[in-house]
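[1] Here's my sequence, what's the structure:
(chains A and B)
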Amino acid sequence: MSEAHPQPAEEVLPPRRLDPRTVLIRALPGLPSAILAVPVVLAASRGGGLTLALALMILALLMGVALISAWLSWRMFTYQVLPDQVVISRGIIHRSRRSIPAQRIQDVSIKQGVLARLIGLAEVRIETGGGEKDEGRLDSVSLAEAHRLRELLRGMSRAAAAPATATPLSGDADEPILFRLRFGRLLYFGLFRFSLLWIAAILGAGQYLDQVLDLDWDRWVQVWDGARQELVSRLSLVFALGAAGVAIGLGLMAGIIRTILQYYGFRLSLADGRFRYSRGLLTRSEVVVARRQIQLGLVEWGLLSGALGWCAFKVQTLGGSDHVSGRQELAPFARPSEVQPLIALAGLPVFDRSGLRPVSAWHTRIALIGFVAIPASVLVVAAIWFPLAGLLLFTLPLPLVVALLRRRHHRYALAETSLQVSRGVLKRREWTVPYGNIQSVTLRRGPLQRRMGVTSLRIDTAGGSGLNGPHIHDLVHRDATELVRRLAERVEAARSSAS
Amino acid sequence: MAIELIPLHPLERGYLSVLRIRSAIVWLTLSAIAAAADAGLHWRFGIPFGFLAGLVFGWGVITVVFLVPGRWRRWGYAFTDRELHVANGWLTRRHTVVPVSRVQHIDVSQGPLERSAGVATLSLHTAGTEQNLVVLPGIRRERAEEIRDVIRSRISDAPW
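    Have a look, this model is predicted:
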C-alpha cells in the first residue's frame, strides 16, 4: 500500500492527534454499567427519596464527566513521526513527552477490538525492546492511518538498522505463512479446552445479573425445588447422569466457543527476522515477535491432547508481549513435526530427550510428604470435628498419582548451547534456554530439603514470570553445585562469544 | 552443608551493629505500641501494667541479642572475576550466582547507619524477572566500589 503513496522519510509532518472517534470508544464502555447502576441506586435509596429524575441527572453528569475527560486526554495526546524518532506527548496535568529512537523500534502491531472494528479504528503499538507496556501505544487511529504508520515506521527502523541494504517492503500478503489453524482443527482444539470454570462463571454472572435486576430468585427456587422433589423421588440416578451430561456438554461448548473467539484465523508468518501472528474472531490482534528478543522456547503437552500427540509451542520474549506471562504462542495446537521447523526458525536448538538426566529420588518423596501425607493427616484430624472433611480424602489419589509420576517427568540436561528442562505431570513442559539468556542462577534449600540434602535450582530469565520457569527441583546437593558451576561457565562463554 | 559452591566471605562486623540497631528500633517501636495497648488494658480490665509490653520487649531483646547475629551469619558473598555469589536466608537458604556479564547496572549506596558503621550496600540489576535486583549489604565501601569498578568495566554493550 505504500507504493501508492510514496512517503519520503525527509518530509516531517506536524504532530497529529488520534482519531476523534477515540473519545466515543473510551467513554462508551462505561455506559452499560452506568445504566445498570440506576436500578441499584434506586433500590438502595428506596427509603431515602431519590427520585428517578435525580438518578438520571446524576447519571448524565457522570457520563458528561467521562466524555469530557476522554476528550481532554484526546486533545492533549499527539504523536509525531520524525526522520529518526517517534515523539509521543501526552498528559493533561502531568505532561510527558517520550521519544522512541528509530533503531529501538522492533515493529509495529495493530489490534482491533469489536467496537473499533465496527467504526474502522485500530490500536497501533510500537514494539520496542522491553520498556513498559504502554510505551508506544496509539489508541486509536483510523485503520488507514494505522497501515500508513506501520509502513512508515518499518521503513524507518530498517533504514536505521542497515542503511546500505534497502530490503523491499513486505506487505502482509507476500509473507510466507508458517503455520495456521484451519477451522476443523480449531474445533478439535476447542474440545481439549473443556472448562468447567466457564460454567461456574456463567452461573456466577447469572447470580450477579439477578442481584442487579432484582429478580425474584426465591420463587424460582421454590418452583425448582418442587419439580426436583418430584423428579428425585423417581429417577434420581438418571437425573444425576443427565445433569452431569449437560454440564459436560456445556463445558465442551464453552471450551469451543472460547477457543474460536481467541484463536479464529490464527496464522503465523516470518519476515525480516520477525514472527508475526494474528488471531481472534471479535477482537482481532496482530502481534510481532522479533527473533532476537526470544529468550527461551517452551513446548507444552496437555494431559489429553499431549497423549494424542498435540503440543503448543511458545516463546518467552523481552517486552512487547500481549500476554501477562510474557510468553507468546507461536503455535497453539500443532503436531511435533510442524513445531520442529518453527523451533529452528526461532533460532533455538533442538530439544534432545535422550540426553536428559533425572533429579534426586527425594523429588517424589518430598511431594508425597507435602501433597499427600500432610493433607491426609490434616483431613483426618479435621474429620473428627467435621465429618464432611473426610469426603475430601477421596480427592487425594490425584495428588498421589502426580507425586509418584513427578520424578519421571522432571529431567534436565546441559546441551551444547542450551539448558534443557522438562517438568510437569498434568501438563508436560519442555524448556530450551540458550545459555546466553540466563540472567542469574539461585540455589535454594528449604528446611525439609536441607535435611534431605537436596537443592532446587532457580533459573532467572528476562521477560517471564517466576512461576513455571525452567527451574530444576530437588537435585542432590553435590549435583546442584556442580551444575551451577558448569552453568555459570557456559553463560559466561556464551556471552563472550556473542559480543 | 558439606559441599559449598565456593568459599564465602562473611559480611563486615559493622553490619551486624547496623542490623542490631535497625532491629532494636523496630522492637522499641513495637514495645511502645504494646505499652499504649497495655495502658488501655490496665484501665479497662485491670490487667497488670507492663504485661504485654514486657512480653514484646523481652522477645525483642532475644531477637536483637541472639537471632540477629544468626541471620547475619547466614549472609555471605564471594566475587570471582566472572561472577558474584550472594548467599542468605535462615530457614530457606538461597545462594544466587550472577554472571558479571549479565549485570545491567549497578549501585553502591550507604545509609546514615551504614555510613557510621563504615559499610555499604552493593545492588546489581539484571534483566531477569525474579532476581532482577540482587542486593549485597554490609561490605566495606572500598570493597563495594572495587567490585563495582570491575563489573563496570565488563558490562557489555549488547542490549541484553
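
[2] and stretch A:404-423, how far apart are its ends?
    From its first residue to its last, stretch A:404-423 covers 13 Å (C-alpha to C-alpha, to the nearest Å).

[3] buried sites along stretch B:109-126?
    Going by neighbour count (16 or more other C-beta atoms under 10 Å in any protein chain shown), the buried part of stretch B:109-126 is B:113, B:114, B:117, B:119, B:120, B:121, B:122, B:123, B:124, B:125, B:126. Every residue, glycine included, has its C-beta placed from N, CA and C.

[4] Tell me the one of the residues you listed nearest chain A?
    Within these, the smallest distance to chain A is 4.4 Å, found for residue B:126 (C-beta to the nearest C-beta).

[5] For beta bridges, what are the partners of the closest one?
    Per DSSP bridges, residues listed as beta-bridge partners of residue B:126: residue B:103.

[6] confidence score at the closest residue to chain B within the stretch 201-350 of chain A?
    Going by C-beta to the nearest C-beta, chain B is nearest to residue A:318 of the stretch 201-350 of chain A, at 6.1 Å. According to the prediction, residue A:318 has pLDDT 73.

[7] That one and residue A:296 touch, don't they?
    No. Residue A:318 lies out of contact with residue A:296 (C-beta atoms under 8 Å); the separation is 10.5 Å.

[8] Looking at the two now, which is surrounded by more residues?
    Between residue A:318 and residue A:296, counted using other C-beta atoms under 10 Å in any protein chain shown, the more crowded position is residue A:296 (27 against 23).

[9] doesn't the more buried one fall inside a strand?
    Yes. Checked against DSSP: H, G, I helix; E, B strand; the rest coil, residue A:296 lies within a strand.

[10] mind listing what it touches?
    Contact analysis of residue A:296 by C-beta atoms under 8 Å, 6 or more residues apart in numbering or on different chains lists A:315, A:316, A:348, A:431, A:432, A:433, A:434, A:437, A:461, A:464, A:470.

[11] mind listing what's buried in the longest helix anywhere in chain B?
    The longest helix of chain B (DSSP state H) is helix B:13-45. For helix B:13-45, a neighbour-count test (16+ other C-beta under 10 Å) marks B:14-20, B:23, B:27, B:31, B:34-35, B:38, B:41 as buried.

[12] closest to residue A:270 among the residues you listed?
    Taking C-beta to C-beta as the measure, residue A:270 lies nearest residue B:15 of the buried residues of helix B:13-45, at 52.8 Å.

[13] wait, the closest one sits on residue B:120?
    No. Between residue B:15 and residue B:120 there is no contact under C-beta under 8 Å: 9.6 Å.

[14] So for the two, which residues contact both of them?
    Here residue B:15 and residue B:120 have B:114, B:139 as joint contacts, going by C-beta under 8 Å, 6+ apart.

[15] Stretch A:312-328: end-to-end distance?
    Stretch A:312-328 has an end-to-end distance of 10 Å (C-alpha to C-alpha).

[16] Next: stretch A:14-26.
    Taking C-alpha to C-alpha as the measure, stretch A:14-26 stretches 25 Å from start to finish.

[17] now it, how far from the centre of its chain.
    Relative to the chain's own centre, stretch A:14-26 is displaced by 28 Å; criterion: C-alpha atoms, centre = their mean, to the nearest Å.

[18] ok, now stretch B:42-57?
    Computed by C-alpha atoms, centre = their mean, the chain-centroid distance of stretch B:42-57 equals 33 Å.

[19] ends of that stretch, how far apart?
    End to end - C-alpha to C-alpha - stretch B:42-57 spans 17 Å.

[20] Residues in contact with that stretch: which ones?
    Stretch B:42-57 has contacts (C-beta under 8 Å, 6+ apart) with B:27, B:30, B:31, B:34, B:35, B:37, B:38, B:39, B:41.

[21] show me the contacts for residue 125.
    With no chain named, the answer covers chain A. With contact set as C-beta under 8 Å, 6+ apart, residue A:125 has these partners: A:108, A:109, A:110, A:111, A:136, A:137, A:138, A:320.

[22] actually chain B
    Counting by C-beta under 8 Å, 6+ apart, residue B:125 touches B:103, B:104, B:105, B:106, B:107, B:132, B:133.

[23] Please name the nearest non-neighbouring residue to residue 35.
    In the absence of a named chain, this looks at chain A. Sequence neighbours aside, residue A:59 is the residue nearest to residue A:35 in space, at 7.4 Å (criterion: C-beta to C-beta, 6 or more residues apart in numbering or on different chains).

[24] Let me rephrase: I mean chain B.
    Distances taken as C-beta to C-beta, 6+ apart put residue B:53 closest to residue B:35, at 4.1 Å, once the chain neighbours are dropped.

[25] Quickly find the element holding the one you found.
    According to DSSP states H and E, residue B:53 maps onto helix B:51-62.

[26] close to chain A, is whichever helix or strand comes after that helix?
    Next in sequence after helix B:51-62, counting helices and strands by DSSP H and E, comes helix B:68-74. No. Figure legend: helix B:68-74 not in contact with chain A (C-beta under 8 Å from any C-beta of the partner chain); closest approach 11.6 Å.

[27] After helix B:68-74, which helix or strand is next?
    For helix B:68-74, the following helix or strand on the C-terminal side (DSSP H and E) is strand B:76-79.

[28] Tell me where the model's unsure across the stretch 201-350 of chain A.
    The model of the stretch 201-350 of chain A has pLDDT under 70 over residues A:201-237, A:239-240, A:319-326.

[29] Quick check: buried residues in the helix or strand bottoming out on mean pLDDT in chain B?
    Least confident element among the helices and strands of chain B, by mean pLDDT, DSSP states H and E: strand B:103-109 (a mean of 86). Counting neighbours by 16+ other C-beta under 10 Å, one finds that the buried residues in strand B:103-109 are B:103, B:106, B:108.

[30] Quick check: which helices or strands does it pack against?
    strand B:119-126, helix B:141-154 (3 or more C-beta pairs under 8 Å, 6 or more residues apart in numbering or on different chains; DSSP states H and E).

[31] what comes up buried for the helix or strand containing residue A:398?
    For residue A:398, the host element (DSSP H and E) is helix A:397-409. Residues of helix A:397-409 classed as buried: A:399, A:402, A:403, A:406, A:407, A:409 (neighbour count, 16+ other C-beta under 10 Å).

[32] For chain A, give me its nearest residue in chain B.
    For chain B, C-beta to the nearest C-beta, closest residue to chain A: residue B:128, 3.4 Å.

[33] what's the closest of the contacts of residue B:125 to residue A:284?
    In terms of C-beta to C-beta, no member of those lies closer to residue A:284 than residue B:132, at 33.6 Å.
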